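Asks: test case, fold it:
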Amino acid sequence: MSKFVSSCLLVLTMLFPMNSQGQDKGTVDLGEYVEELNSQCPVIKESWGIGSITMVGDNYALVDVLLPSNLSMFLSSLTSSNGENVRQLWIKQLKQFGEPWSRLVNTMVQTDRRIIVNLRPEGSDETALVTLYPSDFKNSKP
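Replies: The predicted structure follows:
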């Protein structure tokens, strides 16, 4: 199974740079790009995953993030304040998804759109939302 996941990630990494070569960065169709990313889901990386990415209207992207089941008991403390530190924690964690994630973030920041992350621990009905604003990525620490 991990060879399959690794192969999928390799294909994703190769597809997105080639896909962006012919595009004019000023005329990115955000809806089409989000649909393209969603068609590649789920993307799993070390027991974390992106289950889906959906553009809601022209306002924000909803990213369904699958978490390891052992985080279900800590979910409320990892999202309770939804303050700057919580948002920076999730920004750092989601960077592990590499180029496709970085490109989504750059596109959302350029178009001044929010990313709402729906956190879902495996095997749990509990979910939590974290809203990431364009300014959070501009202020993100490396």
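Asks: quick check: the residue nearest to residue 96 when sequence neighbours are not counted vs residue 131, distance?
Replies: With sequence-adjacent residues excluded and distances taken as CB to CB, 6 or more residues apart in numbering, residue 96 is closest to residue 45, at 5.4 Å. Where C-beta positions appear, they are placed from N, C-alpha and C, glycine not excepted. In this view, residue 45 and residue 131 are 22 Å apart by CB to CB, to the nearest Å.
Asks: where does the protein dip in pLDDT?
Replies: 1-28, 81-82, 141-142 (pLDDT under 70).
Asks: need the helices for it, in chain order.
Replies: Remark: helices assigned in the chain by DSSP state H are 2-21, 30-39, 75-79, 84-94, 98-110, 134-138.
Asks: buried stuff in stretch 116-123?
Replies: By neighbour count with 16 or more other CB atoms under 10 Å, stretch 116-123 contains the buried residues 116, 117, 118, 119, 120, 121.
Asks: quick one: the fourth one and residue 76 touch, right?
Replies: No - distance between residue 119 and residue 76: 10.5 Å, which falls outside the contact criterion (CB atoms under 8 Å).
Asks: overlap in contacts of those two?
Replies: The overlap between the contact sets of residue 119 and residue 76 (CB atoms under 8 Å, 6 or more residues apart in numbering) consists of residue 128.
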